[in-house]
Structure formats: C-alpha cells, structure tokens
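Enquirer: pasting the sequence and the predicted coordinates here, then a few questions.
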Amino acid sequence: MNSVQPLHGKVALITGSSRGIGRAIALELARLGADIVVHYLRKKSAAAETAAAIQNLDRRAVTVQANLAEAGQIAAMFKTIEAEFGRCDIFVGNAASGTPRDILDVTDKHWDWTMDVNARSILRCVQKAVPWMEQAGWGRVVNITSPGSTRVLPHYGAIGLSKATIEALTRYLAVDLAPKGIIVNAVSPGLVKTDAVSAFPVDLQATFDYAVSRTPAGRLVTPADVARVVGFLCTDAASMIVGQTILVDGGYSLLA
Ligand SMILES: NC(=O)c1ccc[n+]([C@@H]2O[C@H](COP(=O)([O-])OP(=O)(O)OC[C@H]3O[C@@H](n4cnc5c(N)ncnc54)[C@H](OP(=O)(O)O)[C@@H]3O)[C@@H](O)[C@H]2O)c1
C-alpha cells in the first residue's frame, strides 16, 4: 500500500458531498488516493464543482443524484456506480435532512422523512455496497452523526432521534461486518459553519460565539477537521477502531 496515497485503487461513495462537510470528506479521500462518487440531491452545480476539484487532484469523480428517502433512487445510484466503477470500497453516510422542530411538534411525515433520509438510507446503501466489499475482502463505512444523538439540542427533535439510530446502527453493522474485513465507525462533529446550521431559527452569530467561548480548543470545528478523521478511519492504521463514535468537537462536550 502506498503510504502517501493509502486509498489508491479504492472507490468511495460519500452521500451529500455536493457541499459542506461531505464535500470536505470527498476531497480528503481523493487526496488519500480514492476515486470518488459525489452524491447530491438538489445542488447539481455544487456537485459538479466538487467533482472538478477532485479531478484536479488527478482522481476520477462521478456525480450521481438520488433522493435518499427513496429506496428505488438508492438502487439506481448503485446501478450507476456499478456501470462507472464496478465496485464501492468506502461508504460515507453523510447526507442529512430534517426541519428544525421541537420534539412535540414532530409529525408522522416529518419523522418518516428524517429517519429515512438520515438513518434508513445508510442501511440501504450498506446492504448494496457490502457484496463488493466482501468480494474485495476490505471495506470501510463511516457514518456522520451528531452530539444531538445523546444531548438535547434546541429544535433538533427528529434529527436527534435519527442520529441516535445511526450510532446504534453503526455498532450493529460493525459487529456483523468486522469478520469480513469491513470496518464500521461513526464520526460526530461539534458545531461546523455550513448551510445546515443556517436553517435553525437561532441567532447564528451568538451561537457561534458561545460555541467558541466554551470550546477548550478555542475555535469552531471546520469541515476539514472532520474530513481528516474520516480519512484516518478509512486507512489500515485505524483498522482496530471498530463500531465507535468519534467526537470531533475540540473538547466542547467535556465541560459540564
Ligand atoms: N454542520 C454542523 O454543525 C454539523 C454538526 C454535527 C453533525 N453534522 C452532520 O454532518 C453531516 C453534513 O452536514 P452539513 O452541515 O455539511 O450539511 P449541508 O451543508 O446542509 O449538506 C447536506 C448534504 O446532504 C444532501 N441532502 C440533503 N437531503 C438529502 C436527501 N433527501 N437525499 C439526498 N441528499 C440529501 C445535500 O444535497 P444537495 O446539496 O444536493 O442539497 C447536501 O449535500 C450531516 O449528517 C449533519 O447532520 C453537521
């Protein structure tokens, strides 16, 4: 294995890699040598821009659109991956959706959408990718969760529940797949300035200032901070980290 590009020859699918944290993960895995499937739902031009940045790193990049709430669209996405690459060695479950809402305001429709897009899609994608990973005798799954899985964040209702599901799913998958050489973990970032955060009905500047003031590391987490940890988890150096949720929050959650 090439130590500069430890993921050379691998193909990685990162859901929601048109922008934000997913985009940074796609670029990091490309920097580590992987070819990349850039997945998106609505922002076609942002996905194309991510793909162009990956191609500038001399890696292959293909964009694919799918609404992750729909099993049929996930199946179609994997048909495209089969036609383009014939394999998927790394799956990063990063895409997320959900209207900011307090828990008692969550409707059936809202619950189903958030659970389907954020959590159920991960199981559906892993079920599609595992046969290829088994055939290769090597695979990596990294799911992006949030501290809202265990802490009660404002207006985070159904999203927090979906993140708790993701962390339990990570553990169940990890135990079943580790014997096959497929390593599954989750990464939980602290507050990161992305489009997702601006959807919340809060004073954004005050939220950022408060987060910085109580983060021992003295700054907000960046998409690149998260991406480097995901990249490490995909390398063989991390192969004995199994079924864990790794917090990347600059120490924020350590303080009472
Ligand atoms: N930002 C934070 O502070 C923070 C903190 C902790 C955890 N996280 C987690 O980190 C991950 C990335 O968050 P982010 O802040 O980078 O989000 P973001 O900038 O809002 O990006 C969301 C991504 O998900 C895609 N997406 C949304 N709904 C989809 C659907 N129904 N089907 C398919 N794709 C869909 C979007 O595609 P389009 O571009 O095409 O719309 C986009 O690529 C999420 O799992 C989030 O929960 C974020």
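Expert: Great, that's in hand.
Enquirer: contacts only, for A164.
Expert: By C-beta atoms under 8 Å, 6 or more residues apart in numbering, the contact list for A164 reads S149, T150. Placement of C-beta: from N, CA and C, glycine included.
Enquirer: switch the cut-off to 7 Å
Expert: For A164, the contact set (C-beta atoms under 7 Å, 6 or more residues apart in numbering) comprises S149.
Enquirer: output the helix or strand where it lies in PDB with nothing but the alpha carbons.
Expert: Assigned by DSSP states H and E, A164 falls within helix 157-177. The C-alpha trace of helix 157-177 is given here as PDB (Å, rounded to 0.1, in the frame of the first residue of the first chain):
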ATOM      1  CA  GLY A 157     -36.300  16.800  17.600                       C
ATOM      2  CA  ALA A 158     -36.400  14.100  15.000                       C
ATOM      3  CA  ILE A 159     -32.900  14.800  13.700                       C
ATOM      4  CA  GLY A 160     -31.500  13.900  17.100                       C
ATOM      5  CA  LEU A 161     -33.500  10.700  17.100                       C
ATOM      6  CA  SER A 162     -32.200   9.800  13.600                       C
ATOM      7  CA  LYS A 163     -28.600  10.400  14.900                       C
ATOM      8  CA  ALA A 164     -29.200   8.100  17.900                       C
ATOM      9  CA  THR A 165     -30.400   5.400  15.400                       C
ATOM     10  CA  ILE A 166     -27.300   6.000  13.200                       C
ATOM     11  CA  GLU A 167     -25.000   5.300  16.200                       C
ATOM     12  CA  ALA A 168     -26.800   2.100  17.200                       C
ATOM     13  CA  LEU A 169     -26.800   1.000  13.500                       C
ATOM     14  CA  THR A 170     -23.100   1.700  13.400                       C
ATOM     15  CA  ARG A 171     -22.500  -0.700  16.300                       C
ATOM     16  CA  TYR A 172     -24.700  -3.500  14.900                       C
ATOM     17  CA  LEU A 173     -23.100  -3.200  11.400                       C
ATOM     18  CA  ALA A 174     -19.600  -3.100  13.000                       C
ATOM     19  CA  VAL A 175     -20.100  -6.500  14.800                       C
ATOM     20  CA  ASP A 176     -21.500  -8.200  11.700                       C
ATOM     21  CA  LEU A 177     -19.000  -6.900   9.200                       C
END
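Enquirer: any idea which helix or strand comes after that helix?
Expert: Remark: after helix 157-177, the chain's next helix or strand is strand 182-189, criterion DSSP H and E.
Enquirer: in the very next helix or strand once past that following strand, what's buried?
Expert: Where DSSP H and E defines the elements, the next helix or strand beyond strand 182-189 is helix 195-198. By neighbour count on 16 or more other C-beta atoms under 10 Å, the buried set for helix 195-198 is A196.
Enquirer: what's helix 195-198 packed up against?
Expert: Using 3 or more C-beta pairs under 7 Å, 6 or more residues apart in numbering; DSSP states H and E as the contact test, no helix or strand touches helix 195-198.
Enquirer: alright, I will stop here.
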